[in-house]
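In: sequence first, predicted coordinates after that:
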Amino acid sequence: MSEEITPIIPKPMTRAEKIKIRAERVRKRRIRLGLPPLTTNTDSTVTTAVIVAPKVTVPIIPKELPDIIPDGKLTIEIMIHCFRYQRRLTWMLSSILQQKGDIPKIIVNISHTNSDGNPTTEETCKFFRDKGLNIIETLVDEKHISNRAYARNIQATQTTADWILFADSDMVYSELFFDDLQKRLKTILKDVQLVMGADRHSLDDQFCIKYFEEDLRKYPCVVEDVAKITSGFKLKWKCGSGVAPGNFQLISGKVLKEKCKGKITDRPGDHWRRTKGDRALRVRVGGRVGILTKEQYHLNHDRGGPEIQR
């Protein structure tokens, strides 16, 4: 009789092993893109990463603003795709609602599918529309809901804004963010025809996960002093200007129409973790450039599948 062969079941990886593998992938990717390395500082509660002395691979536009800023308001359309990030979206919309200074005309275009999340995106949009935000909803069917590039293509073909900001739905902007951005777009950035990227303060994911798990707010709601609260969260790293990733891609409406024909990509093969459309937009316009902005914060999250409510 032949002996039975007992199958060898691989031992599940620990969280620490998964983090180590992910960190190695990030390290190799940054080397491939010519980006500065990340150094990590670890204590018993949190791991943070800080960019070390950057080597210049993508030009940054650091010019000071001129003393005289032209009058008039620009129209900036913020294009967001929301899939089960409704609570974080509430923080983002609260930060837009709480902008101060000379605020441009802001249009918030949110793509989503029907009845997604708790609260739903529709409920969140209605709540903040009633608070005074100019919100447009772009409906996406279930088949394409995890494809951000598909949704952004629809949004991009319909806009008439002076400037378009493609953004993630889990960002929080400091109170003078759009005052400062409008001044830059009227002056030192007015002729830029490339995709512009800016640094984000990416907050510690474990801290954010725990915070939202313990958050007792009834959503949707206005999160008072949202930028001040977020600025006190633990920082993971600060980066983005050298890559212009999809959480902040700023582009002229004229360039979007002329160079991109209103689309960010002809092959929107994105998935919720494979955002090829980000690179496609940079390629279509001929590259990217880094700019300086006021602080913007990323409410980092788990890296589980799209079924997870965030």
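Out: Happy to help now that I have it.

In: so I136: helix, strand or coil?
Out: With DSSP: H, G, I helix; E, B strand; the rest coil as the basis, I136 sits in strand.

In: which residues are in contact with it?
Out: By Cβ atoms under 8 Å, 6 or more residues apart in numbering, I136 lies in contact with I107, V108, N109, I110. Quick note: C-beta positions are derived from backbone N, CA and C, even for glycine.

In: just the closest of those to Q206, please.
Out: I110 (27.5 Å; Cβ to Cβ).

In: what's the burial count for the residue nearest to that closest one when sequence neighbours are not counted?
Out: Nearest-residue entry for I110: I80, 4.9 Å, with adjacent residues in sequence omitted and distances by Cβ to Cβ, 6 or more residues apart in numbering. Counted with other Cβ atoms under 10 Å, residues neighbouring I80 total 27.

In: check the gap between the closest residue to C125 other than its chain neighbours and P59 for me.
Out: Excluding its sequence neighbours, the residue lying closest to C125 (Cβ to Cβ, 6+ apart) is I135, at 5.0 Å. Here I135 is placed at a distance of 35 Å from P59 (Cβ to Cβ, to the nearest Å).

In: more neighbours, those two?
Out: Between I135 and P59, I135 has the larger neighbour count (other Cβ under 10 Å), namely 22 against 14.

In: surely that one is in contact with I110?
Out: Yes: under the criterion of Cβ atoms under 8 Å, I135 is in contact with I110, at a separation of 6.3 Å.

In: now do the contacts for P62.
Out: Residues in contact with P62 (Cβ under 8 Å, 6+ apart) are L292.

In: for the chain, give me the ranges with low pLDDT.
Out: Along the chain, segments meeting pLDDT under 70 span 1-10, 15, 18-19, 26, 29-58, 268-275, 302-310.

In: in it, which spans are strands?
Out: In order along the chain, the chain carries the following strands (DSSP state E): 38-42, 47-51, 60-61, 75-81, 105-112, 134-139, 163-167, 171-173, 195-197, 200-203, 235-239, 248-252, 288-291, 296-298.

In: now the ones you listed in a markdown table, with distance to D225?
Out: Conversion of the strands of the chain to a markdown table gives the following (distance: least, Cβ to Cβ, whole Å):
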| stretch | distance to D225 |
| --- | --- |
| strand 38-42 | 28 |
| strand 47-51 | 24 |
| strand 60-61 | 30 |
| strand 75-81 | 21 |
| strand 105-112 | 20 |
| strand 134-139 | 22 |
| strand 163-167 | 21 |
| strand 171-173 | 11 |
| strand 195-197 | 28 |
| strand 200-203 | 16 |
| strand 235-239 | 19 |
| strand 248-252 | 23 |
| strand 288-291 | 26 |
| strand 296-298 | 13 |
